[in-house]
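Enquirer: what follows is a predicted protein model with its sequence.
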Amino acid sequence: MNDFSIIDGVAQIHDPALYETWLDREDYKAAVAAADTPERTAVKRLLVDFEADLARMVRDETVQENVADVMNRYIVEDYVQHDPNAPGHGRDNIIEHFRNVPTGNGTPPPVVSVVLDGELACVMMQAPTPDPANPGEIYDWYIVTVFRVREGKLVEHWSAFRKMAAPLPGN
């Protein structure tokens, strides 16, 4: 049995080890990004690669060294941010915001699907998470975020997260 499959456009992860290795797995990233046209595949791959590069910085604890290069590669200068926990619009603000993201907690969750509708792309990630209502059990937490993509760059972002009581340091 393979360690993952794609069913109706969503990755089904069969081997828990993939949660730690997804961002280094070319076969996994290509499968999640696969679409009906080369143009759609390119947009989906842009988002999968962006999330993998962010996850790699967090996993490897190299945010300070790499965040500016990663953000410059994927995000336009006048990026519009709709995350209530981020400090405002613009690529420079998102770079500074990301410098304060906690590291040392393992690999961030994998992208399991990217859904496109025109310039909008919904990215869904999945993380097995301890169930607070049922101690000792795990549930699948799905994280959804939306981007606007133009000309191969991320130009706008909406987050599904609620505003935190205490913002990340530096925000």
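Expert: Nice, thanks for sending it over.
Enquirer: check contacts around the spatially closest residue to Ala160 that is not a sequence neighbour.
Expert: The shortest distance from Ala160 to any non-neighbouring residue, by Cβ to Cβ, 6 or more residues apart in numbering, is to Val144 (4.9 Å). From N, CA and C alone the C-beta is placed, and that goes for glycine too. Contact partners of Val144, counting by Cβ atoms under 8 Å, 6 or more residues apart in numbering, are 122-125, 160.
Enquirer: list the contacts of Thr129.
Expert: Under the contact definition (Cβ under 8 Å, 6+ apart), the residues listed for Thr129 are 138-141.
Enquirer: can you lay out the contacts of Val144 as a markdown table showing distance to Val114 and secondary structure?
Expert: A markdown table is the format used below for those (distance: Cβ to Cβ, whole Å; DSSP: H, G, I helix; E, B strand; the rest coil):
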| residue | distance to Val114 | secondary structure |
| --- | --- | --- |
| Cys122 | 7 | strand |
| Val123 | 5 | strand |
| Met124 | 8 | strand |
| Met125 | 10 | strand |
| Ala160 | 15 | coil |
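Enquirer: before we move on, the earlier item: so the residue nearest to Ala160 bridges to which residues?
Expert: With DSSP bridges applied, the residues forming beta bridges to Val144 are Met124.
Enquirer: distance of it relative to Asp69?
Expert: Spatial separation of Val144 from Asp69 under the definition Cβ to Cβ, to the nearest Å is 27 Å.
Enquirer: which strands and helices sit next to the strand or helix carrying Asp92?
Expert: The secondary structure element spanning Asp92 is helix 91-98 (assigned by DSSP states H and E). Under the contact criterion of 3 or more Cβ pairs under 8 Å, 6 or more residues apart in numbering; DSSP states H and E, helix 91-98 touches helix 63-74, strand 75-82.
Enquirer: many thanks, have a good one.
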